[in-house]
Every structure is written in structure tokens, then in C-alpha cells.
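> mind folding the following:
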Amino acid sequence: MGRAMSVSAFHAVLETYHEEFARARCARTDPDQRPPDMRMRSDGPTTGRFLNLLVRGYQRPVILELGTSYGYCGLWLAEAAAAVDGRLITMDLDPEKTEFARVRAEQAGLDDVIDYWTGDALAMITDLEDKLDLVFISLRPDLLVEALEALLPRLKAGALVVADHKLDPLGTSGQRYAAALRATPGFTSVMLPLGAGVELSRYDPGISGEKPHPTDHGAPRPTERRPRP
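Next comes the predicted model:
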């Protein structure tokens, strides 16, 4: 049975985020002139609910978030983790963002579900003790392949990997990540039209990888029906 928590507190904090995101969209620049990577950005409630639903399919999952940012998606992950006795480990290089996310999680009553790690996420993956059930990658697009390589030894059979913030899924970084998935035995993937593009992948080390789609070149075609005389 999941941990007790205040649903109203969770939704109140989400509403605070949504108000801040709306103000940020209306403003052309941030008041304090922070560089673009320091501005509050959101994957939006659709991506958040999607992550929440994925987590709820587990029992006692270990979840990893690469890229805490300001804690919005982490809150969705943590709310579901609390419901299924799981826990979330979230990593970010920026201590300011980590502290911001921690305060919001406390306000939502979810801070006991989350472990905050500050530092180089790709380097810290090797310090993980437990195998992972689900990973949410919210890093710069050019870091996706490195993240995948670092994660591979830490994934449980059947683990899900969700890669987001691929600002140009069909660009160089997106193509490199898709190629890396196809080249790694055990991964099957689908691109979903959420936010800037979300790649959902499942890791099953016992299978050989992506199978050709029936419409691929060389695959059998459906038998054509001839019109009746």
C-alpha cells in the first residue's frame, strides 16, 4: 500500500508551477537576465501525467531522473512513486535548481520519496547501488547517447527509458540517439508526440532489438484482393 500524502498539497504545488510557467511564456526575457539554461521551463502536464501513469504500473520501483531542473516532472514521478511504495533518485549539476525542487517537493509532502544528487549526472550513475525500473532523461540532446551508454549496466530487464527535451528529434542529436537504440540489443522504442518529442524505450536484454515493421522493404506484403467479375 502506498504512502499517505496530501493530494490537495500536490495539486496546489502543480498549480503554482503552472502559474509560473504561464508568466514565463508571457515575458520575453527573465527579469534577472539568467542565461537560457537557467530559465524555468516545463515539459507540461501532458508529459507529467504520462510519466505518472508509467510509474503506477510498478510495485516498489526504483526511478531515476537525469536532469532535475526545477522539479516539475520529478513531482509527477514522485507522486506516483509514493502511491506504489517506490522511490525517485534525481540528479542535476545545478545546486540552485536542486534546492528549488527540494522546497517544492516538501510543500507537496513528497520530499521523503525523493533522493537529490547534485553533480555530474553521467558520472554519478556509476554510484547507483540498485538496478533501475524506469529512467527519465531530461538532459541536453547532445548528451542522450552518453546517458544511454552509462545507464545500460544499471537497467533491470523490462526497464523503461523515457528520453525528453529532444528539441529537434529529426536533427543530428535525435538521429544519433535513435541509431544508438537500434544498435543496442534489447531495446524497442517508439517516438511519442509529447512536448518536444518523447522517445519511450523498453529494455529486454534477451531479445535482439528492433524487429522490421511489416511494411519495411523486404518484408511480406498483404495479399492483394482481386475484384470479383
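
> name the residues that touch the helix or strand where Leu51 lies?
Element membership for Leu51 (DSSP states H and E) is helix 44-55. Identification of contacts with helix 44-55 by C-beta atoms under 8 Å, 6 or more residues apart in numbering yields 14, 18, 61, 63, 72-73, 75-77, 79-81, 84, 86, 134, 136, 160, 162, 164, 192, 194-195, 198. (C-beta placed from N, C-alpha, C; glycine too.)

> give me the PyMOL select line for these, limited to the buried ones.
In PyMOL, this line selects whichever of the contacts of helix 44-55 come out buried by 16 or more other C-beta atoms under 10 Å:
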select buried, resi 14+61+63+72+73+75+76+77+79+80+81+84+86+134+136+160+162+164+194+195+198
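
> that older thread, give the next helix or strand downstream of the helix holding Leu51.
Using DSSP H and E, the helix or strand that directly follows helix 44-55 along the chain is strand 62-66.

> how about the strands in the chain?
In the chain, strands defined by DSSP state E lie at 62-66, 87-92, 114-118, 132-137, 155-163, 187-192, 198-203, listed in chain order.

> quick one: the ones you listed as TSV, columns for distance to Ala180 and mean pLDDT too.
Below are these laid out as TSV (distance: least, C-beta to C-beta, whole Å; pLDDT from 0 to 100):
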stretch	distance to Ala180	mean pLDDT
strand 62-66	15	98
strand 87-92	20	98
strand 114-118	24	98
strand 132-137	12	97
strand 155-163	10	97
strand 187-192	9	93
strand 198-203	10	95
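
> using JSON lines, lay out those together with distance to Arg23.
Shown next, in JSON lines, are the strands of the chain (distance: least, C-beta to C-beta, whole Å):
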{"stretch": "strand 62-66", "distance to Arg23": "25"}
{"stretch": "strand 87-92", "distance to Arg23": "23"}
{"stretch": "strand 114-118", "distance to Arg23": "26"}
{"stretch": "strand 132-137", "distance to Arg23": "25"}
{"stretch": "strand 155-163", "distance to Arg23": "27"}
{"stretch": "strand 187-192", "distance to Arg23": "28"}
{"stretch": "strand 198-203", "distance to Arg23": "25"}
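
> for Ala83, see how far away Val7 is.
The gap separating Val7 from Ala83 is 10 Å, by C-beta to C-beta, to the nearest Å.

> more neighbours: which of the two?
Each of Val7 and Ala83 has its neighbours counted (other C-beta atoms under 10 Å); Ala83 has more, 16 against 10.

> would you confirm that the more buried one contacts Arg56?
Yes. Between Ala83 and Arg56 there is a contact at 6.3 Å, judged by C-beta atoms under 8 Å.

> among the strands of the chain, which is the most enclosed?
For the strands of the chain, the largest average neighbour count (mean count of other C-beta atoms under 10 Å) is found in strand 62-66, namely a mean of 25.

> thanks a lot, see you next time.
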